[in-house]
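>>> for reference, the sequence and a predicted model appear below.
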Amino acid sequence: MPAKKSVEELLVDTGERDRLKEVLRTKLIECGWRDELKEHCKEVIRSKGKEKITVDELTAEITPHGRATIPQDVKQDLLRRISKFVDDNQN
Amino acid sequence: MAPASDESPSEKRQCCAHARPGCGGGGCAHLDEHRRAGGARAVDAICRYMRALANRTPSCAPAGADGVSDATGAHTPAFSHQSLPPRRCALCAPGRTGRRVHACLHCVFLGCRAPAGGGGGCCAAGGGGVPSACASTRMGRSGAALAAAAPSGTLSASVAPAGGHLAAHVRETSGTHALALDLDSGEVWCAACADYVYDPLYSAIVASQLGTRGSERAPILPPQPDAIAKHDGLLAASVAPSPPSSAQPSGGARSGAGAGAGDVGGSRLREIGVPRPLLGLRGLNNLGNTCFMNAVLQVLAHNPLIASFFLADHHNRHVCARLRADMRKSRRARTGAATGTGAVAGVGAGAGSADGVGGVGGEGRCGGLREGEDGDGSFGDGGLLPADYHARGAPAAASGMPAVRRGASAASGGHGAIDDSGDLSGASPVEAAGADATNGAPLLDGALGPSASQGEADKAGAETRAAVGGGDDDERLSVCVGCEVDAVFAQLWSGGRSAVNPHQLLCAIWAKVGQLAAYKQQDAHEFYVALLQQLHQTTKQSGASAELAPDAAGGSGPDGGARATGPLSPAPAGTAADCPCFMHRLCCGVLASEVVCATCGHSRAKLETFSDLSCDLLAAADADTAPAATGGAARAHVGGRDGEAAGGDTLRSCLERFTLPECLGTDGRFHCDQCRSLQPSLKQMSIARLPHVLALHLKRFRTDTVGTGGTGGGAAAAGGGAAGASGGCGGGSTGKARAGTPLGSVSAKVDSFVRFPLNGLDMAPYLAHAVARGRERRTRDGARQRGATAGGAVRDGADEGEAGDDEKGGGGDCGGGTIFDCFAVVVHHGTMNAGHYTTYVRHCGLWYACDDAWVVAVSEEEVASARAYLVFYLRRGVTEQALDGVASLVPAALGGGLSRQPDGSEQPPA
């Protein structure tokens, strides 16, 4: 019997993480989160200047904003899916 | 998510050497050098590897990764990817895989990349948060700074050094391995420039293999012949050490790129590895006015996700049959039924097939749930179909109305014993009685005449049911539409060329959906809905949701606009929307019906699920909506009843009409929570959640009540047009509990042409948030609140979503998850009561017309100019993986596990 795996390992090994990522992506698009974040990105780029910004900088700037604006129900749904997955497979 | 660095070079980067208009710079010297040295090969190899992984090829080293053949056939071996774990950083601890895995372009290495200058990066326990203060320093930019910023150079597997393992790799190689391909986005990272760099050739290679990430991924349909040829041309160009001009996609090396539309079966395609193009295309015989069924079956068969669901054995009919038989057995054992009516044995014709075939798994999930077991000896060949099964042939088509009881749906506990060749048996009581003796045995010769078996079955049925008390479940278990569909798909993809007889499926449907029984003409839309319902039944998790009765509500939408038929759930979104079954995941969307207070703008939304959207056509809308209503009608002023509206109707305008706000008038005032009083309000429909498969139903069949201006028309026609009791082809259901056609009504088919896009339908403007934003903007701009400008306002909303024209691809970056491509169109020819259905399907990138048993290749123009009745779209970029979560949701008690063996047995979860 293999040693008990961490949740993250389980998610990755079964490919569930990718699936959940797809689900999450879809939800975030549909609730408008992505469009909003995109606007924010554009603002950041405008303020910093197109020439000087790099991907990493941009990412760092928008990450806190993005995390803060995720709708609550999306978070809960994802948590629910993960815990369900874990329940079903943790044996 | 790349910044739009498409202008003059920054101080760190030089524009790529062959700057040309549209190239946009953004390259760097390192990239140029790499490309000149033939680096495109590396990119190609990596892409093929990832693509093969994405398709889950069994071996870790897919064929493409062994090497790369250019157009001249020379084979250049590439590095081996045999030992690489998929998409995982080579150095991160297992299970703590870093995000943003990059593949080095210079050697075989996969490593995670974290923003330079940040903390421990991806692999650290804290996740990917990077303090913004650090990130804004420009220290991390140069390679030297990277080295300086690194902690002690040890690469411990559990904690990634600054910049991730990729940065460490770069350091190790003293900066020579500067380039890496981001496996998530397909962009090339240059460690020396500390930013993503662009090269048109590389982007093209990635795009043709993996699809573009920035906007939408490529459709999951197999690559088109042109794309493959183009890709090969690109590759050939890059391999030859030649001046930049030859790197152009249209450049010379398109040798052998003759795979135009006509060269479908050509050997060129086989070389490339496209699946044999004609496999999966097969005609379906018309068994007597069953064109509706054939049309819908072709649609399902050419939905790549549904097809692969069945072909990947997610509903294995043999296993399902065994499972159901087991369940029946255990149930009988539990209830200790007396099953000794011996006369039944003779009716084994029905019984014999019961377990070999058919049957609905009303409970439990069909397919591969338990370890493949042999069952008891009575299963004989283990559930494989007896040899003479198919020889039974088509049903006696002329046996008139088969002895089917109306409303013989499982819910009502109807018997469902269809007698055709006796193949199908809903005859569970029969088989219940004769269970052990005849299970799995070959069908008895000389199937008893219908009446005989029917009579016996009835008798046995009544007895057994009384005795067992679980008769309902038994019957439910004995016919499985999913299994029948599985059988049909297997035949479609078997490589045979003759037309398929889907008679078992027909019988199964009759057993389950009484309204569709008999050989009358039926409505394809209704059939589609019923079939989805049945497939839901057979693939849902046990106990996940109650068995849903077919929605009998022809109930009209509140407005003259389109209404969604939602037979998948009459219940609120909480239940069916969460149903984890495959069908729901695929086809179920959620509509939001918002009531907005006209005074304060406060809105309240009600959610309901839908499996398809029914859209009013222009002519209908024009005739039916009252003049005071929405702008849609006002715009459509020219639309004649039978002619085409000036300018023509488009699918987009249908959808716009669907999301038009409707003023509820003084009667319909709602209590607004914010204003705390009754206020005039607007009602607006929008889409809260898009399904992956979007089915659009154009309401071409309408009934007008003569003399009342046809107000009954649009509304009553919701859900497919009520043609009253005649049940004409397309005329609506016979059995649905819809009010009968009032006297003096005129049924008519609206035959106008509705233009619809074949690719790139963008549903973003109709999503709830876009609609809400449009509405808010409108009220903010002080436009008239009555919604009379709704036409213009929705266009605003649409513009904001910015989908661009229907015909062009969906608007650039806003697309993403909202772009849809058409894969099937059902067309109705003829009149309301007597007509014929045909289907256009997209198969391997090409369009074919399926007319019962005849399948012919057609041009895109022909499809685009067809008078569509049902149009089916698939969301672009959806992969099977996204939907494969079905496997992970099966509870362990049912043997839910992760790997499924071909014979249906399951690996126990590790």
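Happy to help now that I have it.

>>> SS state for the closest residue to chain B within chain A?
The nearest approach of chain A to chain B comes at residue A:9, 2.9 Å away (Cβ to the nearest Cβ). All C-beta atoms are positioned from the backbone trio N, CA, C, and that covers glycine. Secondary structure, DSSP: H, G, I helix; E, B strand; the rest coil: residue A:9 is helix.

>>> same thing with the one 10 residues further on?
Reducing the assignment at residue A:19 to three states with three-state DSSP gives helix.

>>> next, count neighbours for it.
23 (other Cβ atoms under 10 Å in any protein chain shown).

>>> and the one 10 residues further on, by the same measure?
For residue A:29, the number of neighbouring residues by other Cβ under 10 Å comes to 20.

>>> which strand or helix spans it?
Assigned by DSSP states H and E, residue A:29 belongs to helix A:16-30.

>>> near chain B at all, that helix?
Yes: shown here: helix A:16-30 in contact with chain B (Cβ under 8 Å from any Cβ of the partner chain) through A:16, A:18-20, A:22-23, A:25-27, A:29-30.

>>> what subset of these is buried?
Among these, the ones that count as buried by 16 or more other Cβ atoms under 10 Å in any protein chain shown are A:16, A:18-20, A:22-23, A:26-27, A:29-30.

>>> export the residues you listed as TSV, with columns for pLDDT.
As requested, these are arranged in TSV below (pLDDT from 0 to 100):
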residue	pLDDT
A:16	80
A:18	76
A:19	81
A:20	86
A:22	82
A:23	85
A:26	85
A:27	87
A:29	87
A:30	84
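
>>> show me where the stretch 651-800 of chain B has helices.
According to DSSP state H, counting those that start in this stretch, the stretch 651-800 of chain B carries its helices in the segments B:651-658, B:711-716, B:768-780, B:790-801.

>>> which one of those helices has the lowest average pLDDT?
Here the lowest mean pLDDT among those goes to helix B:711-716, at a mean of 36.

>>> hmm, residue B:280 is touching residue B:304, no?
No: judged on Cβ atoms under 8 Å, residue B:280 makes no contact with residue B:304 at a distance of 9.9 Å.

>>> quick one: buried residues of the lengthiest strand in chain B?
Longest strand in chain B, counting residues (DSSP state E): strand B:819-830. Residues of strand B:819-830 classed as buried: B:819-829 (neighbour count, 16+ other Cβ under 10 Å).

>>> out of those, what pair is the most spread apart?
Greatest spatial distance among those (Cβ to Cβ): B:819 and B:829, at 30.3 Å.

>>> now the lengthiest helix in chain A: mean pLDDT?
Longest helix in chain A, counting residues (DSSP state H): helix A:72-89. Mean per-residue pLDDT for helix A:72-89: 88.

>>> kindly report the same for stretch A:43-58.
For stretch A:43-58, mean pLDDT is 84.

>>> close to chain B, is that stretch?
Yes: Stretch A:43-58 comes into contact with chain B (Cβ under 8 Å from any Cβ), by way of A:45, A:50-58.

>>> now intersect those residues with the helices, please.
Among the residues of stretch A:43-58 next to chain B, the members falling in helices (DSSP H) are A:45, A:55-58.

>>> reformat those as JSON lines; add neighbour count.
As requested, those are exported to JSON lines (neighbours: other Cβ atoms under 10 Å in any protein chain shown):
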{"residue": "A:45", "neighbour count": "19"}
{"residue": "A:55", "neighbour count": "19"}
{"residue": "A:56", "neighbour count": "24"}
{"residue": "A:57", "neighbour count": "25"}
{"residue": "A:58", "neighbour count": "19"}
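
>>> check these and tell me the two furthest apart.
Going by Cβ to Cβ, the pair spanning those furthest: A:45 and A:56, at 13.5 Å.

>>> report the mean confidence score over stretch B:527-547.
Here the average pLDDT along stretch B:527-547 is 65.

>>> same question, stretch B:27-36
pLDDT averaged over stretch B:27-36 gives 80.

>>> can you tell me if that stretch touches chain A.
No: using Cβ under 8 Å from any Cβ, stretch B:27-36 stays clear of chain A, coming no nearer than 12.3 Å.

>>> for that stretch, buried residues please.
Residues B:27-32, B:34-36 are the ones in stretch B:27-36 that count as buried (16+ other Cβ under 10 Å).

>>> report the backbone C-alpha coordinates of that stretch in PDB.
The C-alpha trace of stretch B:27-36 is given here as PDB (Å, rounded to 0.1, in the frame of the first residue of the first chain):
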ATOM      1  CA  GLY B  27      12.300  39.300 -30.100                       C
ATOM      2  CA  CYS B  28      15.800  39.400 -28.700                       C
ATOM      3  CA  ALA B  29      19.200  38.600 -29.900                       C
ATOM      4  CA  HIS B  30      19.400  35.300 -28.100                       C
ATOM      5  CA  LEU B  31      16.200  34.200 -29.700                       C
ATOM      6  CA  ASP B  32      17.400  35.100 -33.100                       C
ATOM      7  CA  GLU B  33      20.600  33.200 -32.600                       C
ATOM      8  CA  HIS B  34      18.700  30.200 -31.500                       C
ATOM      9  CA  ARG B  35      16.400  30.200 -34.400                       C
ATOM     10  CA  ARG B  36      19.200  30.600 -36.800                       C
END
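
>>> sweet, I'm off.
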